[in-house]
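S.K.: No letters, just coordinates:
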């Protein structure tokens, strides 16, 4: 159902947000949801939601809404999350460990399949049930295990080398937490710099709406 | 310069990205930058960049570009980052600790002014040079210290209580890493769920462009 239509990255990035709400709505016992309610719960507009979901065909019934479980499954299919997706985490420091535990606790459709670190003292130790492997093994392990999704939680000096190794192993998408902005012709990289997120919020801190003395 | 014009949240969220590039460009020894070059480096369009920066007045000279240090300072003024901004971090686990160290390493204009945790075993310990305080003290400490920006890195069951305490202490903006979606009438909350970010990337993993068997 995807071939032939280019889906905007912004739409893809909103699909997990819909997935989270649909999971909550399903647990609340509701079987049908309107785009208006989805809009209220996500803070998006219902026009945006209808437009996003229209990329995948008409799932909703006008005046009634979307079948919650049908829509949940359709979004999981689109994202490739119908079977559990293996993730490689590079960097077994505080951030890497936080990410591993986070993924273990959530019903995200993702599981941590391999953990790597360049620190020999961490190698062979267990982090969240996974034995930490040497960073030199990244390409070989991810290729053999068929891992195509990874997170980089290493210090800046190791970031480029880590990207190279993951790309060589066939990884096609990376969430990069290192402050270094990474780019690669064959890999979709989302750079998520924690300072950047907080800097933008600094605008709103002194008072909602961002009123401050100029 | 801000009063009287409502600046879209999307524009505000891009300002730290410009700030990061301007810092790099300045270190590379360049004094002027065109919107075209900024576009190349950020992956945004030059139209978008010109539109964003126009909210703050005309800093650029047509055909020449923007003065790098002037623009850097102007953006810091807008975000309120000309003096170091104090941040409260709630949760001294792996994620909180990673965030504290991250902020210490970066020239972000932010510094960690207080760390809180509800675990008595962590209270009184030092995390990144800060003594961990009891979660019960949040409202009082942030109010007395004039802290208006905070990060929540606590497990889901404590998230709502933490939000309430921060809001009571006068915090106006929060970066929330807990999987619970938080909302508050007087606080701007950015919910940053690590699983959500990875779920969206799962789409691209199997091959750049997201081609996969439907």
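M.R.: Nice, I can see it. Just so you know, these numbers come straight off a predicted model, no measurement behind them.
S.K.: elements contacting the longest helix seen in chain A?
M.R.: Criterion DSSP state H: the longest helix present in chain A is helix A:9-27. Under the contact definition 3 or more CB pairs under 8 Å, 6 or more residues apart in numbering or on different chains; DSSP states H and E, helix A:9-27 sits against strand A:32-33, helix A:35-42, helix A:46-54, helix A:68-79, helix B:194-202. The way it works is simple: take the backbone N, C-alpha and C, and place the C-beta from them, glycine included.
S.K.: Residues contacting the second one, please?
M.R.: Think helix A:35-42. Residues from elsewhere that reach helix A:35-42, judged by CB atoms under 8 Å, 6 or more residues apart in numbering or on different chains: A:14, A:17-18, A:21, A:24-25, A:44-46, A:48-50, A:53, A:60, A:65-66.
S.K.: swap in the third one?
M.R.: Residues from elsewhere that reach helix A:46-54, judged by CB under 8 Å, 6+ apart: A:11, A:14-15, A:18, A:34-36, A:38-39, A:42, A:59-60, A:66, A:71.
S.K.: any idea how far residue A:138 lies from residue A:91?
M.R.: With distances taken as CB to CB, to the nearest Å, residue A:138 is found 11 Å from residue A:91.
S.K.: Sorry, slip of the keys, the one I care about is residue A:119.
M.R.: For residue A:119, the distance to residue A:91 - CB to CB - is 9 Å.
S.K.: now, of the helices and strands packed on helix A:9-27, which is deepest in the fold?
M.R.: Among the helices and strands packed on helix A:9-27, helix B:194-202 has the highest mean neighbour count (mean count of other CB atoms under 10 Å in any protein chain shown), at a mean of 23.
S.K.: For that one, which helices and strands make contact with it?
M.R.: For helix B:194-202, the packing partners by 3+ CB pairs under 8 Å, 6+ apart are helix A:9-27, helix A:68-79, helix A:94-105, strand A:110-117, strand A:149-152, strand A:173-176, strand A:188-191.
S.K.: switch the cut-off to 6 Å
M.R.: helix A:9-27, strand A:173-176 (3 or more CB pairs under 6 Å, 6 or more residues apart in numbering or on different chains; DSSP states H and E).
S.K.: from the contacts of helix A:35-42, which has minimum pLDDT?
M.R.: Lowest pLDDT of those: residue A:60, 71.
S.K.: Show the contacting residues for that one.
M.R.: residue A:66 (CB atoms under 6 Å, 6 or more residues apart in numbering or on different chains).
S.K.: residue contacts, residue A:171?
M.R.: A:142, A:148, A:150.
S.K.: Over to residue A:92?
M.R.: A:115, A:117, A:122, A:127, A:132.
S.K.: Bridge partners for the second one, pull those for me.
M.R.: By that I understand residue A:117. residue A:134 (DSSP bridges).
S.K.: Does it touch residue A:130 like I think?
M.R.: No: contact criterion CB atoms under 6 Å: residue A:117 and residue A:130 do not qualify, at 10.8 Å.
S.K.: the more surrounded of those two?
M.R.: Under the neighbour definition other CB atoms under 10 Å in any protein chain shown, residue A:117 and residue A:130 were set side by side, and residue A:117 has more, 23 against 19.
S.K.: And that one, what's its pLDDT?
M.R.: According to the model, residue A:117 carries a pLDDT of 97.
S.K.: Quickly note the distance from it to residue A:85.
M.R.: Distance from residue A:117 to residue A:85, by CB to CB: 22 Å.
S.K.: quick one, what contacts the residue lying closest to residue A:26 once chain neighbours are set aside?
M.R.: In space, residue A:26 comes closest to residue A:68 once its chain neighbours are excluded; the distance is 5.2 Å by CB to CB, 6 or more residues apart in numbering or on different chains. Counting by CB under 6 Å, 6+ apart, residue A:68 touches A:22, A:25, A:26, A:31, A:33.
S.K.: Settle this for me: residue A:127 is touching residue A:115, isn't it.
M.R.: Yes: the pair formed by residue A:127 and residue A:115 meets the contact definition of CB under 6 Å, at 5.5 Å.
S.K.: between those two, which one's more packed in?
M.R.: Neighbours per residue, other CB under 10 Å: of residue A:127 and residue A:115, the larger number sits with residue A:115, 27 against 19.
S.K.: need the contact list for that one.
M.R.: Contacts of residue A:115 (CB under 6 Å, 6+ apart): A:89, A:92, A:127, A:130, A:132.
S.K.: Swap in 8 Å and give it another go.
M.R.: In this structure, residue A:115 makes contact with A:88, A:89, A:90, A:92, A:96, A:100, A:127, A:128, A:130, A:131, A:132, A:133, judged by CB under 8 Å, 6+ apart.
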